[in-house]
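Undergrad: Only the shape, not the letters, is given here:
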C-alpha cells in the first residue's frame, strides 16, 4: 500500500505525529483508516515517512562560449586566408553592403561626434559640498521638569549649568516680590542632577534666599550665591550644604544681589557682584569680609550713592577682561572699564533705550561688540559704536520679557522668556520680525533662562519654582554655513544705519540751536522766567475755577436731594476733599492761598 | 566602393576611436581595424546582444525597432549600428 505522493514533513525521527494541516482530505481519510492512533498524537504509529521533491532537478552550469569562427559558408574554409579574403571582397562589392554602410556610417558618426562633444557623465556640481539643508522646521521639546520640592513655592530666579559636562544644574530660589515672601518660606536652593528630577542632588542652605547662583567655571565644586539681603555666599560642594564663606553684612550690598559673576583670574577666586543699591563690588572669596573694590554707578560721575542707578544685571565676557557692563533698573546700560585710574573714569559710556529694568544683558559670543539686552516688552541688540539707540529690536510684545540669552553655537540665534510663560527662539538670519519658534513652556511666568554650552539644551525657571529642561532641534544648534558672515553683515548694516540716523539727528539739533541763537540771549531768559510765573498763575486759577464749579454743582444736587440746606463751609471742605488732585496741593491750602503765586 | 572606404576611414579617424568593424548577419567580420581574435570576439558577442536588444524593443512595441545600441563601460564605449544584414561596430574612448 503506497501512500499518495505528496510533501510530508520529516519530523526528526520515525514514529512522530504528522501535522494534520498538510494533508488533503483523501490522505486524511486514508490516514484515519490506516492509523487511527495518529490523530491522537501518540508516539507509536506507522512508520510512513516520505521525502519527495516536486520537481526534477535542473542542473545549471556557467560556461564561457568558445569563439570559434563560424558562420562561414560551407565552401569557404575559415582557416585559409585566400578563401576568406575572396569572400570578403565579394561581400564588399554587394550593393546592399554599400548602402548599409553609408547609412550606418552616418548614424555612427553622429554618435561619435556626440561623445567627443560632451562627456555625459561629467560631475558638474563636484565643488559644492553636500549641502545639509535641514528642511525640518525648528522645534523644541521638553525633556525634563524639576519642581521645587518645598510646599511654599518660590520662583526660580537664576540657573547655572555645571561647567564640566553640564550634567548638573544649580537653581537659585527666592521670592522677588518686595516683602511678600510668605512666612516659613525656605531659604534653600538646590543643585539638580539632570537624570533625577525627583530629588535635588545637593541642597544649599544660606541664611537668606539666593537670588543668583553661579558655578565657578574653573572649579566645579565652588559656587557663588548672591543673597536677598545683599550678602554674598560661597559654597564648596565637597564640604556640604552650609555656607563656606559669607561676606559681612556691613560691607555687603544693601539690596538683593542681582548679578554675580566669576572673574577670569589666575587664582580662580575672584568675582564681582552688583545690586540695586547702585554699587558694584569686587570680592576675593578667600577673604569675604570686605570687598576689594567698590564702584558706584553714578552716571554723573560724582560718586554719589543717592544718584546711583540700581543694577539689575551684570555682564562680563572673559575675552574682554577689563570691561564689564551693567544693566540698570532705570533702563540704561552702563559700560565700565575696570582698569580705569580714577573711579570717575570707570564709567565709560551709557546706552539708553529701554523703558524698564534691563533684566538680561549679554554680549554675542561671536561678535563681542554687539550685545543683547532684554527689558520692558522688547529685546534689543546694540552695538558699542552706536550709543544713542539700539541697532535692532523686536516688536513690543504683549507680555513683559524677563530674561534672554544668545545661543553659544549660532551667532544669529537668541532666546527670550516672557511673563506669560513662553520661550521665544529668535533667529534673525531666518526671520526678523517674529521669533523663529515660540513655545509655551508653562502657565506661570518664566523668570530665568540658561543655555547649555552646546547650544542644544535650555533650562528655564518659572515663578512657581519649576525648572523645565528643553532640547532644541538640530537646525537651531548647529552652525549653518555662512551664518557668521551673514550675522556680521547684518550687524554692520544695522550699525551703519543707526549711525546715519544719529548723524542726521545731530545735524537737525545743530540747526535748531543755530536758529535759537539768533535771538537775544537775555531776552530769552527773561521771557522764560515770565512765562513760568504766568503759567503757574494761570494753572492755579484754572484749578480753583474748576473746583468751585464742581462745588456749585454738588451744592445744587445736595439742595435737590436734602431739604436741609448744607452749611457752605462744611460743604466746601467736603468738596475740596473729594476734588483733591494728586498734584500735591495740600488740603490746608484754601482760598487764603489763592493770592500767592508760588514759584 | 570608394565612398564606403572613405566613410570607414573617416569614422576611424575621429578623436578617441579605437577600432571599427563591419560584421555580417552570420557573424563574419567583413572589415576590421583590430586584430582577428578581438574582432571575432566582438563580432560573436555583440551580434547576440544586438539580436536580443532588438527583440526586446520589438516585444514591447512591435512597431518600434532598434536603431542604435551604446554600451558605456568604464574604459570605453561600444557603439553598434544595426542593419538588416550588417552590423557596424565602433569602439571609442570618450573624451575625458
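TA: Arrived safely. Computed from a prediction, not measured in an experiment: that's the story for all the values here.
Undergrad: drop to CA atoms for contacts and neighbour counts, all remaining ones
TA: Noted.
Undergrad: The residue sitting furthest away from the middle of chain A sits in which helix or strand?
TA: Computed with Cα atoms, centre = their mean, the residue of chain A farthest from its C-alpha average is residue A:75, at 92.0 Å. Counting by DSSP states H and E, there is no helix or strand that carries residue A:75.
Undergrad: Quickly note the distance from it to residue A:86.
TA: Distance, residue A:75 to residue A:86, by Cα to Cα, to the nearest Å: 12 Å.
Undergrad: Kindly report the same for residue A:510.
TA: Distance, residue A:510 to residue A:86, by Cα to Cα: 110 Å.
Undergrad: Three-state assignment for the one residue in chain B that gets nearest to chain A, please.
TA: Residue nearest to chain A within chain B: residue B:26 (5.0 Å; Cα to the nearest Cα). Three-state call for residue B:26 (DSSP: H, G, I helix; E, B strand; the rest coil): coil.
Undergrad: same deal with residue B:42?
TA: When classified by three-state DSSP, residue B:42 comes out as helix.
Undergrad: Name the nearest residue to residue 91, ignoring sequence neighbours.
TA: This is for chain A. residue A:97 (7.0 Å; Cα to Cα, 6 or more residues apart in numbering or on different chains).
Undergrad: meant chain B, my bad for not saying
TA: Nearest to residue B:91 is residue B:78, by Cα to Cα, 6+ apart, at 4.6 Å.
Undergrad: Helix or strand for that neighbour, just tell me which one.
TA: Here residue B:78, judged by DSSP H and E, is contained in strand B:77-82.
Undergrad: mind listing what the next helix-or-strand element following that strand pairs with, with the direction of each?
TA: Downstream of strand B:77-82, the first helix or strand assigned by DSSP H and E is strand B:86-92. Strand B:86-92 has the following strand partners under DSSP bridges: strand B:17-24 (antiparallel), strand B:77-82 (antiparallel).
Undergrad: The residue of chain B closest to chain A is in contact with residue A:72, isn't it?
TA: Yes: contact criterion Cα atoms under 8 Å: residue B:26 and residue A:72 qualify, at 7.4 Å.
Undergrad: ok, the residue of the stretch 201-350 of chain A found nearest chain B to residue A:371 distance?
TA: Per Cα to the nearest Cα, the residue of the stretch 201-350 of chain A with the smallest distance to chain B is residue A:319, at 53.0 Å. Distance from residue A:319 to residue A:371, counting by Cα to Cα: 14 Å.
Undergrad: So which of these two has more stuff around it?
TA: residue A:371 (21 against 10; other Cα atoms under 10 Å in any protein chain shown).
Undergrad: Excluding covalently adjacent residues, which one is nearest to residue A:318?
TA: Residue A:318 sits nearest to residue A:264 (Cα to Cα, 6+ apart), 6.2 Å away.
Undergrad: Residue B:15: neighbouring residues, count only.
TA: Using other Cα under 10 Å: residue B:15 sits among 15 other residues.
Undergrad: need the contact list for it.
TA: residue A:116 (Cα atoms under 8 Å, 6 or more residues apart in numbering or on different chains).
Undergrad: How about the secondary structure of it?
TA: Secondary structure assignment for residue B:15 (three-state DSSP): coil.
Undergrad: Read off the pLDDT value for residue A:448.
TA: In the predicted model, residue A:448 carries a pLDDT score of 90.
Undergrad: Mind checking what secondary structure it has?
TA: Under three-state DSSP, residue A:448 comes out as strand.
Undergrad: Residue A:155 is in contact with that one, correct?
TA: No: Residue A:448 is not in contact with residue A:155 according to Cα under 8 Å; the separation is 9.4 Å.
Undergrad: Could you tell me which residues touch both of the two?
TA: Common neighbours of residue A:448 and residue A:155 (Cα under 8 Å, 6+ apart) are A:461-462.
Undergrad: Let me know the pLDDT of residue A:456.
TA: 86.
Undergrad: what do you get for the one 3 residues further on?
TA: The score at residue A:459 is 92. That number is its pLDDT.
Undergrad: who touches it in this structure?
TA: Here residue A:459 is in contact with A:159, A:449-452, A:467-470 (Cα under 8 Å, 6+ apart).
Undergrad: Same list, the residues you listed, but only the ones touching chain B.
TA: Among the contacts of residue A:459, proximity to chain B is found for none (Cα under 8 Å from any Cα of the partner chain).
Undergrad: Serialize those to JSON lines and add fields for neighbour count.
TA: Output for the contacts of residue A:459, formatted as JSON lines (neighbours: other Cα atoms under 10 Å in any protein chain shown):
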{"residue": "A:159", "neighbour count": "26"}
{"residue": "A:449", "neighbour count": "28"}
{"residue": "A:450", "neighbour count": "24"}
{"residue": "A:451", "neighbour count": "24"}
{"residue": "A:452", "neighbour count": "22"}
{"residue": "A:467", "neighbour count": "29"}
{"residue": "A:468", "neighbour count": "20"}
{"residue": "A:469", "neighbour count": "22"}
{"residue": "A:470", "neighbour count": "19"}
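Undergrad: What about those residues, which are in strands?
TA: A:159, A:449-451, A:467-470 (DSSP state E).
Undergrad: Between which two of these is the distance greatest?
TA: A:159 and A:470 (13.8 Å; Cα to Cα).
Undergrad: Pull up the residues of chain B that are close to chain A.
TA: Proximity of chain B to chain A (Cα under 8 Å from any Cα) is limited to residues B:1, B:3-4, B:7-8, B:11, B:14-16, B:26-28, B:30-31, B:40-41, B:44, B:79-83, B:86, B:88, B:90, B:92, B:94-96.
Undergrad: Would you check that residue B:54 makes contact with residue B:65?
TA: Yes: counting by Cα under 8 Å, residue B:54 does reach residue B:65; the two are 6.5 Å apart.
Undergrad: Can you tell me, leaving aside adjacent residues, what's nearest to the residue nearest to the spatial centre of chain A?
TA: For chain A, the residue nearest the mean C-alpha position is residue A:415 (2.5 Å; Cα atoms, centre = their mean). In space, residue A:415 comes closest to residue A:425 once its chain neighbours are excluded; the distance is 4.6 Å by Cα to Cα, 6+ apart.
Undergrad: so how far is residue A:254 from that neighbour?
TA: Distance of residue A:425 to residue A:254, computed by Cα to Cα: 36 Å.
Undergrad: Between the two, which is the more surrounded one?
TA: A direct count of neighbours by other Cα under 10 Å for residue A:425 and residue A:254 places residue A:425 higher, at 26 against 17.
Undergrad: mind listing what that one touches?
TA: A:413-416, A:435-438.
Undergrad: Equivalent analysis for residue A:379, please.
TA: A:372-373, A:393-394, A:401, A:404, A:416.
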